[in-house]
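>>> could you work out the structure for the sequence below:
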Amino acid sequence: MDHASQNIVLHKNSYDRSSSRFIEVIPPFTDTIPEYVLSMDVSRNIIWGKFPKTGIQEVPVFPEIYPGPGIEINKRKGKIEIGCTLDFQIVQNDRIGNTDIFYKDGKIGISRLPLHTYKFDIAVPENTLMTAFHVGDGSYGFSMGNGTSQGFIPEIIGMGSDENDAGLYFLGKAGNQIESNIPLIVMDGRSVTNSSLRNRPIFGVTSGDYNSYKMLVDQKGRLGVGRVPEIYKVEVAGSIQAEDLVLGEISVKALIDVIKDHEKEIDNLKNIIETLQEQK
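Next comes the predicted model:
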């Protein structure tokens, strides 16, 4: 490319269509109409070929012979330069070429026109189990799509492949150290009217079994560990190990310490009560 004049400079090479490669030749140009011209095949590959060519889409030819954009042959500084204007429509009816990629108003859509609210929009049909977006090596990585063949459930999957084999990271980084009551990572389950859920749990953790949750937060803010909460604010299927448990303003640990400190007095009190009962 001659960057100063924005022209294509062809020097000692030509495209050999039989071998699909460039070969080192000097095209035999003349001062009038050249024997070789720059043209375009049906796949829109720019090639060299004798003029005229049949069976290919030719670039409109010389403007000094035919009006309009085309190929202009000049001789400058001992080089043959071809200033070429390719005049074909890349985007037609908001579609890029013959692909399923659309472009409109600065937005890109795949398999449909981009919706007005999305800068990049991939169409995934309802009732179709399909991965729409993937980043990775083809086997491991991060993907998003529809997780069901009965409606549409947004699904995010991460699959790791190294020795640590982490499946999916959720990482939030704060841009400042300003105090705030907003958590760094927020899981927000809500209705389509942006109101609180009333008829289903908000958040669940499971391992391959949607009927047995390891942890569940319901729509009333109750937490269940190993079970579905039904009555109490926190319900646990199993024992709880903790350093302390505060009920209201009473520390269970402090209460136990008081009992231990007065075990002797309590034993004496028990003996007195037993003696009084025997005297009766």
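
>>> tell me, how many residues neighbour the residue lying closest to Tyr232 once chain neighbours are set aside?
Once flanking residues are discounted, Tyr232 sits nearest to Arg222: 7.1 Å by CB to CB, 6 or more residues apart in numbering. To be clear about C-beta, it is placed using only N, CA and C from the backbone, and glycine gets the same treatment. For Arg222, the count of nearby residues is 17 (other CB atoms under 10 Å).

>>> could you do Thr131 as well?
There are 13 residues near Thr131, going by other CB under 10 Å.

>>> same check, this time on the one 10 residues further on
Residues near Gly141, counting by other CB under 10 Å, number 14.

>>> please apply the same query to the one 3 residues further on.
Residue crowding around Met144 was assessed by other CB under 10 Å; the count is 17.

>>> hang on, it packs against Pro154?
Yes: using CB atoms under 8 Å, Met144 is in contact with Pro154, at 7.2 Å.

>>> can you list the strands that whichever strand or helix holds Gly109 pairs with?
Counting by DSSP states H and E, the element that carries Gly109 is strand 107-110. Sheet pairing here is set by DSSP bridges, and for strand 107-110 it gives strand 101-104 (antiparallel), strand 120-122 (parallel).

>>> quick check: mean pLDDT of that strand?
Per-residue pLDDT values over strand 107-110 give a mean of 93.

>>> may I have it exported as CSV, CA atoms only?
Presented in CSV, the C-alpha positions along strand 107-110 are these (Å, rounded to 0.1, in the frame of the first residue of the first chain):
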residue,chain,number,x,y,z
LYS,A,107,-25.9,-1.6,18.0
ILE,A,108,-25.1,-5.2,16.9
GLY,A,109,-27.5,-8.1,16.9
ILE,A,110,-26.9,-11.8,16.2
